[in-house]
Every structure is written in C-alpha cells, then in structure tokens.
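> Quick check, what structure comes out for this input:
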Amino acid sequence: MQNYLEEFSAYLLLERGLSANTLAAYKSDLEFFLDFLRRQGLSDCKAVRRDHILDFLEEEKGQEKAISTIIRRLVAIRVFFRFLSREKILEANITEVMDSPRFWQLIPEFLSLSEVEALLHAFKGNDVFELRNRAMLEMLYASGLRVSELTTLRLDGVDFAQAVLRVSGKGERERLVPFGKSAARSLQRYLERGRPLLDPEGLGIELFLSKSGKALTRARVWALVKEAALRAGLSKNIYPHMLRHSFATHLLANGADLRVIQEMLGHADIGTTQIYTHADSARLSRTHQRFHPRA
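Numbers count the residues shown, from 1 in each chain. Coordinates of the predicted model:
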C-alpha cells in the first residue's frame, strides 16, 4: 500500500498539479490511515472494506480529533480509492457509498432551527457591542462563514444592493456569498449605530471591530458565541463552526443543490460538502422511524 501511496502522490503532483502544501496534507492524512490498517493486520488495499474506513474514522473521533480533521481525512481516503479504482488496482471504489448509521454519528454537529433562533436573539440590546454581536452571529449563520473569513471581512466587501459578501477564503480564494434580509437588517443597524463608535475617525477597513477599533480576533468571536449560547440557555457545546454546519445542513434539508452549497462554503472538493448529505439522510431516517406506521 505504501507503493500505491507514492504512485498516488505522483499522480496528484504531475496530473492534478496540486500545490506542495496540498500534496503534503493528502499524504499525511493517508499515512495515518495506512498506519491504522497496518495495526489491523491489513497490508493489501484489496482487503480493505468500508467498515475498516469507519473504524478508522471512529478511532479518530475517539481521540477527540477536530471534525474538520476527520472530514479532511475522509476526503483524502475517497480521492485515494478513486485513484486506485481508476488505475484498475481495485475493481470498485468502496468509498462511493458511505451510507450507514455508524457514519451518521461522525457527521458535523448542527443546530435545530429553534436553537439557531435562540442563539441569534441572545444579543438584543441597542448598545454598540450588542449590535455588533447580533450582526456577527447573523452573518455566521446567513452565509456559512468560517471564523477566519468573518474576522477578515472588509467594509468594501459588503454589497447591500446585491445582498452578497466578497469573502477571502482558504488559499486566498475569493468568492461571493449571499446573505438574507434578517442579516442585512442587523448589519445595517450595526453599521449605522455601532461601528462608527468603534471607529470614529473612519480609518478601519475591517467590518467587525473590537473595543480598540481593531479587527475582532478569532478567540474573541469564539468567546462571544459561547456567551450567546449561555444567554440563550442552550446546553450544547456550541462553537462558531457549528453555525457553518447548520447553514449547510439547513440549506440541503430545504432542497438546495449540493454544488451550490459547495460554492457558497468555498470547498475545493465536493467530497467535503457531501458530508452534509449524510446529515440529511440521518434526519430523514429518524423522521421515518418516528412517524411511519410500519417503520
């Protein structure tokens, strides 16, 4: 399998033209997977089954790896097995369908609509920080932004006429992301009544500012989301990225196209976005079991 990994690395470099950093990330994630397989006594990729992949992902989760790390490793495994199938090393790509209750347990955590509403209404005062925090939470959910994208949003990146944000994502890739009327209202209030007090001379370029007039830090955004959850009386361990997961899951549940969600999230690979299809499958399965008379 190590030889196949080297062939795969060459394929990514020469045929796909991936950057050195991306190539190193794929290889590192797959090394973890191959090490797991070796510990299971597997030395032939033809002997690998879906359950082995699920066992690996569950081990990663048991070690409290970040869900983003687990998703990234799953994407690397999928691309690897797609390569093995394409090269006729394997007769079929065993990662094409990864639909099972065990897999649903590995999907990103997300909030219900009522939980989102409670969180968004946690900051409801009219002082500068309440206005800022409400607008910040609205934007995280309305556009599915990463925290790093939120903190680097610029004033000139907001287009109210078209209701879109110009976002600089991973790898400095720029994309346009829409936002809704509720987020627009909250943001307008912040820009009119809050932000001028944080930047009285009008010198700042970032959208969301701290008390000192500088851009909010990721750590501060994290703390504010925790404060919102506490105010809302939500017992879940809520963190900023959960709003991004909720954004994607709720879009999919209401019929949005997966490719469109991929574009809005700024995912380079559709495989990363596909994790949300399993979230929706889990929801449908639970609904069926609860309400169907012969479930």
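
> Which secondary structure state does the closest residue to residue 227 other than its chain neighbours sit in?
Once flanking residues are discounted, residue 227 sits nearest to residue 122: 7.5 Å by C-beta to C-beta, 6 or more residues apart in numbering. Bear in mind the C-beta positions are built from the backbone N, C-alpha and C, glycine included. Here residue 122 is coil, with the state taken from DSSP: H, G, I helix; E, B strand; the rest coil.

> Residue 122 and residue 137 touch, don't they?
Yes: using C-beta atoms under 8 Å, residue 122 makes contact with residue 137 at a distance of 7.5 Å.

> Give me the more crowded residue out of the two.
With neighbours defined as other C-beta atoms under 10 Å, residue 122 and residue 137 compare such that residue 137 has more, 25 against 20.

> my read: the more buried one touches residue 120, true?
Yes: counting by C-beta under 8 Å, a contact exists between residue 137 and residue 120, whose distance comes to 5.4 Å.

> Need phi/psi at the nearest residue to residue 46 once chain neighbours are set aside.
Setting aside the residues directly before and after it, residue 46 is nearest to residue 90 in space (C-beta to C-beta, 6+ apart), at 6.3 Å. Comment: the main-chain dihedrals of residue 90 come out as phi -120, psi 150, following degrees, to the nearest 10.

> With residue 38 instead?
Here the main-chain torsion angles of residue 38 (degrees, to the nearest 10) amount to phi -60, psi -40.

> Kindly report the same for residue 145.
phi -80, psi 150.

> any idea how far it lies from residue 137?
Between residue 145 and residue 137 the computed distance is 11 Å (C-beta to C-beta, to the nearest Å).

> Strands along the stretch 151-295 of the chain, start to end?
If you assign secondary structure with DSSP state E, counting those that start in this stretch, the strands in the stretch 151-295 of the chain sit at 158-159, 164-168, 174-178.
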